[in-house]
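have a look; sequence and predicted model below, questions after that.
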Amino acid sequence: MVKKLFIILIVILLSCYSARSASDTLQVLSLQSAIELSLRENPSLNRLRASRDEVQNMWKKEANMSNPEVFYYQNGIGDNDLYFEQAVGVSQQIGSPFKVLRLKQVRNIELEILETQIHLREIELVAMVKKAYVDLLYRVYKNKLLENRIKVFSDLKSAIQLKYENGTADYLDQLSASVALEEAKNKLRFSNSEYHKARYNLFEIVGIDPEDQRYSISFADSLETYERYFDQERVIDSLDYYPGVQVEKLKYNAEQQRYRSAKADWFPNLSMSYLRQDFSTGYQFNGFEIGVEIPLWASYTISPDVKIQASKMEQQNWSVDETILKYKKEIEHAWHAYEMAREVVVNYQDTLSLQTSELLELSREAYMLGQIDLINLLKAESMDLDNQEVYLSALKDYYLSLVELEKYTKQKLVY
């Protein structure tokens, strides 16, 4: 017995160690590993998956199947009475089979709705992870850009300080360089704060345990895109097959079955009883009773429910149209954001980057020759760095819009 307990303890310790080691191996969180982790660990997705059994068995509860009733009755006081009867029997209430059938059909549809919702949630979760990852990489590169801004203005301040000591620069130049440097440092401080928010946002979406959210985790710093054969009209035309729309259509089918189930209440419920009877000679006789429910007050009990379900069915029909319009608007917005961001990115790569670099180089030469003052040099430096920030922001919007459009396609556009 002691040996057996010792073996069990060893197994538990080894499993705990292996689990801990598995989490410790998370050093680089790539986009693909973040997606795989989220599909396995995300709490909201797992909660949705865990509700399958609840939906699958709910129709049995709503069918209101009553338990059989065992009863005994006696007429008369004793065997010498002129009329004496006693009986033992069992009674069963039987609901409308049409209603039970409709309820089961409703639950089958709701189970299909749940499976479609799980698929929709997986699509949305992948998009959320990708967007969070894009935002995080944007923060990483923005920090690098701001660090470069600090280096530029720090070098500039040193050069101004040297010129000031040589008498070729005035105090205003020195002060302007100091202000520009401190402004760059403040931007980096704020950007660092946003970077950590982005980290924890990604960790939360993925579902990484708080104990495993370490500062040592690094992130892959490159993303790829696939835009070939990507067409806006084709995305909109395939919208009817998007799980979000399918969920609403299935909900309409469920309301249709509920409407039919409400109408099935016009069919009466039955009750049946079987009994063994004793008329002072022993339990030698069999009895059978059948009862039929008369919907006498149907105008108050059944008709309102039918009308309510008809109204819900119509509401859900409009909800389908509303959902399609909502997704179409999201596609349109994402497409236009994609086009705009792509134009900015291409313009910077083809033209603006070269122009600002040339302007900066000429401005530095002109300042050294005394042809322009420090203010104009700072403007040129800031313009170059600001254009890099605009490019970086447009690149982020470019990836985010592609991720949004990817939800409505069956093709990976960002990976």
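Thanks, I have the structure now.

avg pLDDT for stretch 385-395?
Mean pLDDT, stretch 385-395: 90.

also stretch 50-62?
Stretch 50-62 shows a mean pLDDT of 72.

can you get me a residue count around Asn108?
16 (other CB atoms under 10 Å). Where you see a C-beta, it was placed from the backbone N, CA and C, and this is true even at glycine.

tell me the secondary structure at the closest residue to Tyr367 other than its chain neighbours.
Sequence neighbours aside, Leu377 is the residue nearest to Tyr367 in space, at 4.4 Å (criterion: CB to CB, 6 or more residues apart in numbering). Classification of Leu377 using DSSP: H, G, I helix; E, B strand; the rest coil returns helix.

so who does Leu377 touch?
Residues counted as contacts of Leu377 (CB atoms under 8 Å, 6 or more residues apart in numbering) are 156, 363-364, 366-367.

out of these, what pair is the most spread apart?
For those, the farthest-apart pair by CB to CB is Leu156 and Ala366; their separation is 14.3 Å.

higher neighbour count, the two?
Taking neighbours as other CB under 10 Å, Leu156 and Ala366 compare with Leu156 leading, 21 against 15.

got the contact list for the more buried one?
Counting by CB under 8 Å, 6+ apart, Leu156 has contacts 177, 180-181, 377-378, 381.

isn't Leu374 right next to Ser178, touching?
No. The pair Leu374 and Ser178 fails to qualify as a contact (CB atoms under 8 Å) at a distance of 11.4 Å.

quick one, which of the two is more surrounded?
When neighbours are counted by other CB under 10 Å, Leu374 and Ser178 differ, and Leu374 comes out ahead with 21 against 14.

poorly predicted segments of the stretch 201-350 of the chain, please.
Along the stretch 201-350 of the chain, the model assigns pLDDT under 70 to residues 209-222, 227-230.

of the contacts of Leu377, which is the nearest to Tyr242?
Distance to Tyr242, by CB to CB, is smallest for Ser363 among those, at 51.7 Å.

can I assume that closest one sits in a helix?
Yes. Under three-state DSSP, Ser363 falls within a helix.

from what I see, it and Asp373 are in contact.
No. With contact defined as CB under 8 Å, Ser363 does not count as touching Asp373 (10.7 Å).

for Arg258, give its distance to Gly244.
Distance, Arg258 to Gly244, using CB to CB, to the nearest Å: 22 Å.

equivalent analysis for Ser158, please.
Distance from Ser158 to Gly244, counting by CB to CB: 57 Å.

okay, the two: which has more neighbours?
More neighbours surround Gly244 than the other of Ser158 and Gly244, with 20 against 12 (other CB under 10 Å).

can you tell me which residues contact the more buried one?
By CB under 8 Å, 6+ apart, Gly244 lies in contact with 120, 323, 327.

out of those, flag the one nearest to Gly282.
For these, the nearest to Gly282 is Leu120 (67.5 Å; CB to CB).

correct me if wrong: that closest one contacts Glu248.
No. Using CB under 8 Å as the test, Leu120 is too far from Glu248 to be in contact (10.6 Å).

same question for the stretch of helix or strand Leu354 belongs to, mean pLDDT?
Taking DSSP states H and E as the definition, Leu354 sits inside helix 353-368. Averaging the model's pLDDT scores along helix 353-368 yields 87.

go on, stretch 29-42?
Throughout stretch 29-42, pLDDT has a mean value of 87.

what about the strands in the stretch 201-350 of the chain?
Assigned strands in the stretch 201-350 of the chain, in chain order: 218-219, 270-278, 283-292 (criterion: DSSP state E, counting those that start in this stretch).

which of the ones you listed sits closest to Leu395?
Nearest of the strands of the stretch 201-350 of the chain to Leu395, taken as CB to CB: strand 218-219 at 16.0 Å.

can you turn the buried part of the contacts of Leu156 into a PyMOL selection?
This is how PyMOL selects the buried members of those, with burial counted by 16 or more other CB atoms under 10 Å:
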select buried, resi 177+180+181+377+378+381
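
most widely separated two among the contacts of Leu156?
Maximum pairwise distance among these (CB to CB): 13.7 Å, between Leu181 and Leu377.

got the contact list for stretch 128-140?
Outside stretch 128-140, the residues that touch it by CB under 8 Å, 6+ apart are 31, 34-35, 38, 191, 194-195, 198-199, 201-202, 205-206, 219, 221, 223, 392-393, 395-396, 399-400, 403-404, 406, 414.

sounds good, over and out.
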